[in-house]
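*Asks:* Here is my input, please return the structure:
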Amino acid sequence: MAHNLALGAHGEELAAQFLQGAGMRIVERNWRCRYGELDLIAREADTTAFVEVKTRSGLGFGTPAESVTFAKQQRIRRLALLWLAEQSGPWRRVRFDVVSVLLLPGRDPQIEHVRAAF
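*Replies:* The predicted structure follows:
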């Protein structure tokens, strides 16, 4: 469990750096409420992106992005509505992104950003 938490935290840090390098501004990291957590919330021009980060150290369970199930997507949508309700808008555009981080031994991290993934 500790390995998975450390792996996830490392993946989220790499994802945040990747997004910032692509010109996005990170607004929040690991926003939590009693219903769950949003990994990253970022802004790009007039768009707010709710970013789910998935990190894997191998492909035995599929690619990182494949683990974002429909149920997980629904949960993220609900959490996004709660976050938006706490903020002062207006919110013109909202999208849901996925960043996959694959950390294979002896190789550079492989990072893929899927905009408007769901």
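*Asks:* Every contact and neighbour count from this point should use C-alpha atoms.
*Replies:* OK.
*Asks:* where does this structure have low pLDDT?
*Replies:* Along the chain, the model assigns pLDDT under 70 to residues 1-2.
*Asks:* Next, the residue positioned nearest the centre of the chain: secondary structure please.
*Replies:* Centroid-nearest residue in the chain, with CA atoms, centre = their mean: Glu52, separated by 2.4 Å. Under DSSP: H, G, I helix; E, B strand; the rest coil, Glu52 falls in the strand class.
*Asks:* nearest residue to it other than its sequence neighbours?
*Replies:* Take Glu52 and drop its neighbours on the chain: the residue closest to it by CA to CA, 6 or more residues apart in numbering is Val98, 4.8 Å away.
*Asks:* So in the protein, which helix runs the longest?
*Replies:* Ordering each helix of the chain by length in residues (DSSP state H) puts helix 2-21 first.
*Asks:* Just the CA atoms of that one, as PDB, please.
*Replies:* Coordinates of each C-alpha in helix 2-21 appear next as PDB, following Å, rounded to 0.1, in the frame of the first residue of the first chain:
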ATOM      1  CA  ALA A   2       2.800   2.500   0.900                       C
ATOM      2  CA  HIS A   3       4.400   1.700  -2.500                       C
ATOM      3  CA  ASN A   4       1.200   2.500  -4.300                       C
ATOM      4  CA  LEU A   5       0.800   5.800  -2.400                       C
ATOM      5  CA  ALA A   6       4.400   6.800  -3.200                       C
ATOM      6  CA  LEU A   7       4.000   5.700  -6.800                       C
ATOM      7  CA  GLY A   8       0.800   7.700  -7.100                       C
ATOM      8  CA  ALA A   9       2.300  10.800  -5.500                       C
ATOM      9  CA  HIS A  10       5.300  10.600  -7.800                       C
ATOM     10  CA  GLY A  11       3.100  10.300 -10.800                       C
ATOM     11  CA  GLU A  12       1.000  13.300  -9.800                       C
ATOM     12  CA  GLU A  13       4.100  15.400  -9.400                       C
ATOM     13  CA  LEU A  14       5.400  14.300 -12.800                       C
ATOM     14  CA  ALA A  15       1.900  15.000 -14.300                       C
ATOM     15  CA  ALA A  16       1.800  18.500 -12.800                       C
ATOM     16  CA  GLN A  17       5.200  19.300 -14.100                       C
ATOM     17  CA  PHE A  18       4.200  18.000 -17.500                       C
ATOM     18  CA  LEU A  19       1.100  20.100 -17.600                       C
ATOM     19  CA  GLN A  20       2.900  23.200 -16.400                       C
ATOM     20  CA  GLY A  21       5.500  22.700 -19.200                       C
END
